[in-house]
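Student: Quick one, fold the following:
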Amino acid sequence: MNSHEKFESWQRARLHLIISQIAPTLLLITVVALLQFGLADADLFVKISAAGILLASGILGALVQFQSAQEAEVIAKDLAGGEYDRTVGRSAGWLWVPKFVTPTIFVAIFAALMMAIFI
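Tutor: Below is the predicted model of the structure:
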């Protein structure tokens, strides 16, 4: 695989990382909106279902983000020292954010939403 193909792989990994953040974000926004329309007053099974959907999508989203970030790190190491090193190197230094910070923020938001739904 030449450096241009590796760079294309890098771009695909970044795109997967971005896309993996869209669905959980939209779902969090939707749950907040549903709280405004009475989710907190809904039947217990509806609340449990909403919590399960939110948890499942959050876990899957976090796994995809982590995996995409790891793949991007591997590609960045392969590109180190080459013609794309300057472009990729700057972004690769921030891959710890989607691997660790974003899932941590999701957990905090999830906990807040669970309190809003069940308490």
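Student: buried set for the worst-scoring helix or strand of the chain on mean pLDDT?
Tutor: Taking mean pLDDT, DSSP states H and E as the measure, the helix or strand of the chain with the lowest value is helix 85-92, at a mean of 83. Neighbour counts over helix 85-92 (16 or more other CB atoms under 10 Å) mark 88, 92 as buried. All C-beta spots, glycine's among them, are computed from the backbone N, C-alpha and C.
Student: Could you do stretch 89-107 as well?
Tutor: Neighbour-count burial for stretch 89-107 flags 92, 95, 98, 99, 102, 103, 106 (criterion: 16+ other CB under 10 Å).
Student: May I have the distance across it, first residue to last?
Tutor: Start-to-end span of stretch 89-107 (CA to CA, to the nearest Å) is 29 Å.
Student: give the contact list for residue 7.
Tutor: Neighbour list for residue 7: 79, 84, 87, 88 [criterion: CB atoms under 8 Å, 6 or more residues apart in numbering].
Student: same thing but at 6 Å, please
Tutor: residue 84 (CB atoms under 6 Å, 6 or more residues apart in numbering).
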